[in-house]
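Participant: just need the structure, nothing else, for what follows:
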Amino acid sequence: MTIVRVGAHVAGDNPIETAKALGIQQIQIFLGDPQSWKSAVFSGEMTAQELGDAAKSADIDVYVHARYVINVATTNNKVRIPSRKLLQTDVNAAAAIGAKGVIVHGGHVTADDDPAIGYENWNKALTQLDMAVPVFIENTAGGKHSMARRLESIKYLWDAVGDLGPGFCLDTCHAHAGGIDMGDLADSILGITGRIDLIHCNDSRDAFDSGADRHANLGQGSIEIDNIINCIKTAKAPVILETPSEGVINDLALLRQALAK
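Facilitator: The predicted structure is shown next:
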């Protein structure tokens, strides 16, 4: 039996009650519109203290996904500087509710940029960041100039930031769509980063190396389910489902059965 905590991304209006209804031990939430630059907000009418206390009382771990608009790698000052500030905002808010970590996408540069500048910008961002809770950098699915799509780019990124202490969030859909061999996915990532702190467990609606970030329920996409299960068993990291909500109950059942073997 592989013993890991399994949970799901849930809406922010009543996340603890949703977790209880699903029978899960951990959740992932946004603290604000993922496409917005506005300050963090908390669940419903709850204060940060109340949300944190409710999660602790229910023995539910909370992870926070940073806003999608964040791109600390870019050479565009009008995006990079606000991105650093918003990442700090999300980290501070996550700390206020006692979250286990903040997940942030690896970002990208443009075709005209030297990718080395993007990795250097990541280094500067983490050097300046007050990491009040752990920050996990997530691999991404698309883009020819992404900082964390392919194994070689993840290696360059980790060479730049590994000593600064970030964690790594491995998304199975992103890896498949990003062109990483799924057969030994966890081993490949561990060989580069030395750690996998969280798994975003998702099937992929699109083909291998498509570059498309479109999640599917487990067994309903183009990733062999055995490769997903093997990844989880190898990584031995907590799991968050980000699959379509209508199939999450079935996805949880599938994972529980597979990991019990």
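
Participant: and the longest helix for the chain?
Facilitator: helix 77-96 (DSSP state H).

Participant: tell me the pLDDT at Gln28?
Facilitator: On pLDDT, Gln28 comes in at 98.

Participant: try Ala260
Facilitator: Ala260 carries a pLDDT value of 90.

Participant: Thr75: neighbour count?
Facilitator: By the other CB atoms under 10 Å criterion, the neighbourhood of Thr75 contains 14 residues. All C-beta spots, glycine's among them, are computed from the backbone N, C-alpha and C.

Participant: now do the closest residue to it other than its chain neighbours: how many residues are near it, please.
Facilitator: Spatial nearest neighbour of Thr75, excluding adjacent residues (CB to CB, 6 or more residues apart in numbering): Asp113 at 5.2 Å. Applying other CB under 10 Å, we find 16 residues neighbouring Asp113.

Participant: how far away is Asp113 from Ile70?
Facilitator: Going from Asp113 to Ile70 by CB to CB, to the nearest Å gives 17 Å.

Participant: same check on Asp159?
Facilitator: 22 Å.

Participant: swap in Gly194?
Facilitator: Distance from Gly194 to Ile70, counting by CB to CB: 24 Å.

Participant: between the two, which has more neighbouring residues?
Facilitator: Ile70 (24 against 10).

Participant: any idea of the mean pLDDT for the longest helix of the chain?
Facilitator: Mean pLDDT, helix 77-96: 97.

Participant: what about that helix, distance to the chain center?
Facilitator: 16 Å (CA atoms, centre = their mean, to the nearest Å).

Participant: what's it packed up against?
Facilitator: The helices and strands touching helix 77-96, judged by 3 or more CB pairs under 8 Å, 6 or more residues apart in numbering; DSSP states H and E, are helix 48-57, strand 61-65, strand 101-105, helix 115-128.

Participant: and it with strand 101-105, angle?
Facilitator: Relative orientation of helix 77-96 versus strand 101-105 (axes from the mean of the first three to the mean of the last three CA atoms, to 10 degrees): 160 degrees.

Participant: helix 77-96 versus strand 61-65: what angle between them?
Facilitator: Per the same axes, to 10 degrees, the angle that helix 77-96 makes with strand 61-65 is 170 degrees.

Participant: number of nearby residues for Glu246?
Facilitator: Residues near Glu246, counting by other CB under 10 Å, number 8.

Participant: ok, now which ones touch the residue lying closest to it once chain neighbours are set aside?
Facilitator: Leaving aside its chain neighbours, Glu246 sits nearest to Asn217 (8.0 Å; criterion: CB to CB, 6+ apart). Asn217 sits next to Asp203, Thr243, Pro244, Glu246, Gly247, Val248, Asn250, Asp251 when contact means CB atoms under 8 Å, 6 or more residues apart in numbering.
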